[in-house]
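> Just the structure for this:
(one chain, ligands or ions: 1)
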Amino acid sequence: MSEFSEDEQRQASLSKHERFRGEYPIVVEGLVNRFGKQTVHDNLSLKVKRGEILGVVGGSGTGKSVLMRSIIGLQRPNEGNIEVFGRSITEAEPDEEIGVRERWGVLFQGGALFSTLTVGENVEVPLKQFYPELSATLRHEIARYKTIMSGLPEEAVNKFPSELSGGMKKRAGLARSLALDPELLFLDEPTAGLDPIGADKFDKLTRELQQTLGLTVFLITHDLDTLYAICDRVAVLADKQVIAVGTIPELLATDHPWIQEYFNGPRGRAAQSTQQRDNKKASGAMDKPTVTGA
Ligand SMILES: Nc1ncnc2c1ncn2[C@@H]1O[C@H](COP(=O)(O)OP(=O)(O)OP(=O)(O)O)[C@@H](O)[C@H]1O
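Numbering: from 1, shown residues only. Have a look, this model is predicted:
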């Protein structure tokens, strides 16, 4: 018997122009990844809900990037099944047309832009790959639109990656990941290397795009502020598996030592108070500063 609901199975037969309406656009079951003698994942399972921003955390080397690469078909697992939009990624050949690869966008660590192409040309790469029939004029127009949508000035379209700051490179990478109007967005440490203000702006942009475009976001991060500010749920990788998934209060209620140390350590507590302060500000409940001794 299939482990997917009727709704999800029905979605699997939809044409590529219809949006996925099942509950879980990503379902990972029994994933095993090994490199030589090293086992990175051992029977890992995870379901990502449609429309959520799922933060993925874990210590260095716990296999967050390998998990993402497995989901997007760049890493063939040793065992297990991964379905995206109800289609098996693990059973498909790398080049097999399964109608899902054009429905996700990926922002790799560092942006992964082609250095010899301008920002606009970088954004056009997936358009050329998946929609070769588009005219050059329309492609340029879409690239311009996605660049602006990602918070870059229009003139950035004609700049090369070497002419951009770190934050601008991330935005250019984001513009490329949005080129095909994806339903699913993978972000691998998007705020790494950004200053706190830049990171905060990038978080806000991610949230805005997720809400306005109705995206599901799989977001790998070490940034506690990002987790508190924009993630609906957080998945924790440890011991070769996803040991817990839930909202931050739900995770705090578990007694796993890594989770407790991570969220209740000094950085976790600082991020929590920043979030509480921002929430107060947003609700107007913050006391106005008083000037004394004038
Ligand atoms: N292609 C590969 N060949 C051999 N080992 C690999 C390969 N890719 C990843 N690994 C190993 O798998 C483990 C998990 O790597 P991964 O990059 O997924 O960790 P991560 O959780 O994303 O870490 P970080 O938070 O530091 O980015 C690491 O020990 C890494 O060395």
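
> got the residue ranges for the strands in the stretch 51-200 of the chain?
Applying DSSP state E, counting those that start in this stretch to the stretch 51-200 of the chain gives strands spanning 53-58, 79-84, 87-88, 104-107, 184-188.

> least reliable of the ones you listed going by mean pLDDT?
When the strands of the stretch 51-200 of the chain are compared on average pLDDT, strand 87-88 comes out lowest at a mean of 86.

> Give the burial count for residue 249, as a bare number.
8 (other Cβ atoms under 10 Å). Where you see a C-beta, it was placed from the backbone N, CA and C, and this is true even at glycine.

> Likewise for residue 211?
Count around residue 211 with other Cβ under 10 Å applied: 11.

> Helix or strand: which one has it?
helix 196-213 (DSSP states H and E).

> mind saving the C-alpha coords of the helix or strand just after that helix as CSV?
Next helix or strand after helix 196-213 toward the C-terminus (DSSP H and E): strand 216-220. Coordinates of each C-alpha in strand 216-220 appear next as CSV, following Å, rounded to 0.1, in the frame of the first residue of the first chain:
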residue,chain,number,x,y,z
THR,A,216,7.7,26.1,0.9
VAL,A,217,11.2,26.8,2.2
PHE,A,218,13.8,24.3,3.3
LEU,A,219,16.4,26.4,5.1
ILE,A,220,19.7,25.1,6.4
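
> Does residue 201 touch residue 151 like I think?
Yes: between residue 201 and residue 151 there is a contact under Cβ atoms under 8 Å: 7.4 Å.

> okay, and the common contacts of these two?
Shared contacts of residue 201 and residue 151 (Cβ atoms under 8 Å, 6 or more residues apart in numbering): none.

> Number of residues surrounding residue 71?
So residue 71, with other Cβ under 10 Å, has 26 neighbours.

> follow-up on the earlier one: please tabulate the strands of the stretch 51-200 of the chain in JSON lines, including the columns mean neighbour count.
Output for those, formatted as JSON lines (neighbours: other Cβ atoms under 10 Å):
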{"stretch": "strand 53-58", "mean neighbour count": "24"}
{"stretch": "strand 79-84", "mean neighbour count": "20"}
{"stretch": "strand 87-88", "mean neighbour count": "16"}
{"stretch": "strand 104-107", "mean neighbour count": "23"}
{"stretch": "strand 184-188", "mean neighbour count": "23"}
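
> among those, which is nearest the ligand?
Closest approach to the ligand among the strands of the stretch 51-200 of the chain (Cβ to the nearest ligand atom): strand 53-58, 5.5 Å.

> Could you check the angle that closest one makes with strand 216-220?
Strand 53-58 runs at 20 degrees relative to strand 216-220, counting by axes from the mean of the first three to the mean of the last three Cα atoms, to 10 degrees.

> CA atoms of strand 53-58 as CSV?
Extracted C-alpha coordinates of strand 53-58, given in CSV (Å, rounded to 0.1, in the frame of the first residue of the first chain):
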residue,chain,number,x,y,z
ILE,A,53,9.6,27.6,6.4
LEU,A,54,11.4,24.7,7.8
GLY,A,55,14.7,25.5,9.5
VAL,A,56,17.2,22.6,9.4
VAL,A,57,19.8,22.7,12.2
GLY,A,58,22.5,20.4,13.5
